[in-house]
Every structure is written in C-alpha cells, then in structure tokens.
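>>> 3D, please:
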Amino acid sequence: MTEPDEESDLIKQAQRGDRGAFESLLRTHYDAMYRMAFKWCGNKEDAEDITQNACIKLARSIDTFRFQSAFLSWLYRLVINTAKDWTKARAPRAADQTVETERVEAPVAEERVYAGQVMAYVRTTASAFTACSTVMWKPSLPPCLNRYRASWPARPSRQDASPNLRRSRMK
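Numbers count the residues shown, from 1 in each chain. As a prediction, this is how the structure comes out:
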C-alpha cells in the first residue's frame, strides 16, 4: 500500500483527471475491491463483474471523495453499492430463469396427466375384463364350423380344477 500522503496526492491528481494517478490507485486497491465484491456475492465470476462495474463507478465518482474518511472506507461503500445495483439489475434475469424452470417442469405435469389417463383406461379395461370373465366363455365359430361344436369338450368348471391347486391356495 502507499503512504497516506502519497495516496491523498494520487486521489487529488485522479480527481483532476490524471489517468496515471487513477491507474495507480486502481493497481493499489483492485485486489481489495475484488475481495469486497467476492465477500458480497460469493462467486468468482460475479465478483469480477462487480469489481469491473465498481472500477467504472470509481472513475465517474472519484471527484465526490471529500477526504472526510479513509479512502478504503469510501471505496468499500462504493463497491457494496455497486454490488447492490448489480444484484438489482440481475433480478429480472432471475425471473426469466424461473420461467425456464417452469417450462422444464411442464413436461412432468403432462406426464402425470397422461399417467392418470392410462390408469383410468386400465381400470375400465380391467373392470370390463372382470365382467366378461364371469360370463361363460363360448367361442364364436364361423358358420361353416358350427356343426363341429358338439364334438368340442366343454369348458371345465372351477370345481373340476386340480385338487392340488386348491390345496396350494389353502396353505
């Protein structure tokens, strides 16, 4: 860091428009500005953006520094206010990301509706199958084969089922 008198001289020169003095101030305080921004946002890329914006803001507002406090204290306020402004400027983008998230979740809702429709179909089909299975099954034959129907064996009833099968159900 520079001595307080040297720093005051650099600030006064930068306020008068000396680019070299402003560059020297930035070189001296850039790391501190970055650390302040990083502590605010916790993200390297965002901290870099905030620090760059703070450098621009510093160039525009260096002449408002009145030497009533330490330059680093004033710079801290400048960086934090820049971070707050940056966060507000990004808020609409966050809302756009929420819309994207909703678009991603929409297919999940569609799949749930589709699954409900499939389950309703399965239930109606299952109930129709149950209703049909209670009626005696009679194969439909083409009319030319009706004369052979009498020679077909009858469908076995449940009582005629294998005794072993009934015993296995009882266990």
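
>>> if I look at residue 68, how far off is residue 74?
Relative to residue 74, residue 68 is positioned 9 Å away (CB to CB, to the nearest Å). C-beta: built from backbone N, CA, C; applies to glycine.

>>> comparing these two, which residue is more hemmed in?
More neighbours surround residue 74 than the other of residue 68 and residue 74, with 19 against 7 (other CB atoms under 10 Å).

>>> contacting residues for the more buried one?
The contact partners of residue 74, by CB atoms under 8 Å, 6 or more residues apart in numbering, come to residue 65.

>>> please, which helix or strand holds it?
Element membership for residue 74, per DSSP states H and E: helix 71-134.

>>> so what's residue 54 up against?
Under the criterion of CB under 8 Å, 6+ apart, the contact partners of residue 54 comprise 33, 37, 78-79, 82-83.

>>> which non-adjacent residue is nearest it?
Among residues not flanking residue 54 along the chain, residue 82 sits closest, at 4.2 Å (CB to CB, 6 or more residues apart in numbering).

>>> ok, how many other residues are close to the one you found?
Number of residues near residue 82 (other CB under 10 Å) recorded here: 24.

>>> now it: how far from residue 41?
If you measure residue 82 against residue 41 using CB to CB, the figure is 11 Å.

>>> again, but for residue 12
Looking at residue 12 against residue 41, where the rule is CB to CB, the gap reads 32 Å.
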